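[1] Based on what follows, work out the 3D shape:
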Amino acid sequence: MTAAPADTDVSERTKAIARGLVNTERAAVGSRLIHGMLQLTCRDGGYYWISLDGGRVLKGRGPLDSVELQPRFAAAMERAGR
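    Numbering: from 1, shown residues only. Just a heads-up that it's a prediction; the model follows:
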């Protein structure tokens, strides 16, 4: 079981992106706060990393060696999570 970050630390956009990743079955249920980012387990390996303000979405093993996903992808996941 992973610890959920405090609601006050995470923006509504970040929460919507995370819900969208889970709703579209790209990420497993559950998240945790690591290195100032929300981490979700990616179903095809690695992790999704979402900044607490929702401005950046990364995919990879860690926040320093991940690639930033296109803003349109983040916007689509936000819509899927609303």
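[2] Next, the buried residues of the worst-scoring helix or strand of the chain on mean pLDDT.
    Within the chain, no helix or strand scores below strand 32-34, which has a mean of 93 by mean pLDDT, DSSP states H and E. Burial within strand 32-34, assessed by neighbour count using 16 or more other CB atoms under 10 Å, is assigned to L33. Where you see a C-beta, it was placed from the backbone N, CA and C, and this is true even at glycine.
[3] Could you do stretch 48-56 as well?
    For stretch 48-56, the neighbour count (16+ other CB under 10 Å) marks 48-52, 54, 56 as buried.
[4] Send over that stretch as CSV, restricted to the C-alpha atoms.
    Presented in CSV, the C-alpha positions along stretch 48-56 are these (Å, rounded to 0.1, in the frame of the first residue of the first chain):
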residue,chain,number,x,y,z
TYR,A,48,4.6,8.4,-14.2
TRP,A,49,5.8,11.5,-12.4
ILE,A,50,3.5,14.5,-12.1
SER,A,51,4.6,17.8,-10.6
LEU,A,52,2.4,19.0,-7.7
ASP,A,53,1.1,21.9,-9.8
GLY,A,54,0.3,19.7,-12.7
GLY,A,55,2.7,21.6,-15.1
ARG,A,56,4.9,18.6,-15.9
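[5] I'd like the mean pLDDT over it, please.
    The predicted model assigns stretch 48-56 a mean pLDDT of 97.
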